[in-house]
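> from the sequence below, what's the structure:
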Amino acid sequence: MSERIRVAIADDHVLFCAGIEMIIRSQPDLEFAGTAHDGDDVVTLAAEVHPDVILMDIRMPKTDGITATRRVLVDSPDSRVIVLTTHQRQEAVAHAIDAGAHGFLMKDARPELLLAAIRTVHEGNSVYAPSTTLALIRDLAPAVRVEPDQQAIAALTAREREVYLLAARGLSNAEIAESAYIGETTVKSHISSILAKLDLASRLQVVAHAYNHHLVQ
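Just a heads-up that it's a prediction; the model follows:
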C-alpha cells in the first residue's frame, strides 16, 4: 500500500473539526495529522508534523488563516493548504493566493468533494472551488489592456512556457499532459521548475501571475 496522505485541520469550531477528522479517518489512503483551533497553533502543528495537506479556515483567533498560511508555507514548504471559506470575497481570494494557498473550498462542501480536493491538491493540482475563483482572479488583474509581458516568463524554457500557459488556464496535470503530449510526471517536474524560476508558491499563483502580466485572457 502506498504511503497515506497526512491531513490536518485548522478551525476554531470544535464540532466541525471533529466531523472532518471522522471523514478523514474513514479513508484508507488518508491519515489524520492533527487539529489546531487558532492560527498560532496551526503554525506550530505544521512545523512539528509537516502534514501533506492542511485544511485552513480563514477566520481564526490569534492569527487569521491567511497569515497562518503564509507562515506555515515558510516553515513547511512541501505542505499544501486548502483554504476553507463560508463565502468568497475578492480581497480574501487575493490575499490567500498571495499567501500561497493551493485551493479554495466552501465549508459546506459535500464530503466526497472534500476528499477529492485533498487528493487533487496532494497530486500537485489546485482546487478552484467555488467555481467563480478563476473569474475573480480575472477581475482582480489590472483592467488596462496592454501587450502581453513575455519578459515575465523569459526565464522559462519553451516547454515550460507551454506548460505555464496551460496551467494558467486551470488545466489539471492530466489535461496538460494530454495537451502537450508529455507524461504527468514530466508535467509535475515542469510545474516545480516554473514555480521555482518565477518565485511562486502555488498553481493558483501561476494563474494570477499570468493574468497580471496579460499572458492569458
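
> domain parsing for this protein?
The chain breaks down into these domains under automatic domain parsing: 5-137, 142-212.

> dump those domains into CSV; add mean neighbour count as well.
For every residue, glycine as well, the C-beta is placed using N, CA and C. Output for the domains of the chain, formatted as CSV (neighbours: other CB atoms under 10 Å):
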stretch, mean neighbour count
domain 5-137, 19
domain 142-212, 17
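
> now those as CSV including mean pLDDT?
Below are these laid out as CSV (pLDDT from 0 to 100):
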stretch, mean pLDDT
domain 5-137, 86
domain 142-212, 85
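
> please identify the helix or strand for Ala174.
Taking DSSP states H and E as the definition, Ala174 sits inside helix 173-180.

> which parts of the chain are helices?
Applying DSSP state H to the chain gives helices spanning 14-25, 39-49, 65-75, 90-99, 111-122, 133-140, 158-168, 173-180, 184-198, 203-212.

> may I have the helix holding Ala174 as CSV, with CA atoms only?
Only the C-alpha atoms of helix 173-180 are listed here, as CSV (Å, rounded to 0.1, in the frame of the first residue of the first chain):
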residue,chain,number,x,y,z
ASN,A,173,-1.7,17.7,-14.7
ALA,A,174,-3.6,15.0,-16.7
GLU,A,175,-5.1,17.6,-19.0
ILE,A,176,-1.7,19.4,-19.5
ALA,A,177,-0.1,16.0,-20.2
GLU,A,178,-2.7,15.2,-22.9
SER,A,179,-2.5,18.6,-24.5
ALA,A,180,1.3,18.8,-24.5
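
> and the angle from it to helix 184-198?
Here helix 173-180 runs at an angle of 100 degrees relative to helix 184-198 (axes from the mean of the first three to the mean of the last three CA atoms, to 10 degrees).

> and helix 173-180, what other elements does it pack with?
Packing partners of helix 173-180 (3 or more CB pairs under 8 Å, 6 or more residues apart in numbering; DSSP states H and E): helix 158-168, helix 184-198.

> the closest residue to Gly183 other than its chain neighbours: what's it in contact with?
Excluding the flanking residues, the one nearest Gly183 by CB to CB, 6 or more residues apart in numbering is Ala177, at 5.9 Å. Ala177 makes contact with Gly183, Glu184, Thr186, Val187, according to CB atoms under 8 Å, 6 or more residues apart in numbering.

> one more: His190?
Arg159, Glu160, Val163, Ile182.

> and these, which two are furthest apart?
Largest separation among these by CB to CB: Glu160 and Ile182, giving 11.4 Å.

> wait, what's in contact with Arg59?
Counting by CB under 8 Å, 6+ apart, Arg59 has contacts Asp12, Gly65.

> mind redoing it with 7 Å?
Gly65 (CB atoms under 7 Å, 6 or more residues apart in numbering).

> for Asn173, same thing?
Contacts of Asn173 (CB under 7 Å, 6+ apart): Glu123, Gly124, Asn125, Glu184, Val187, Lys188.
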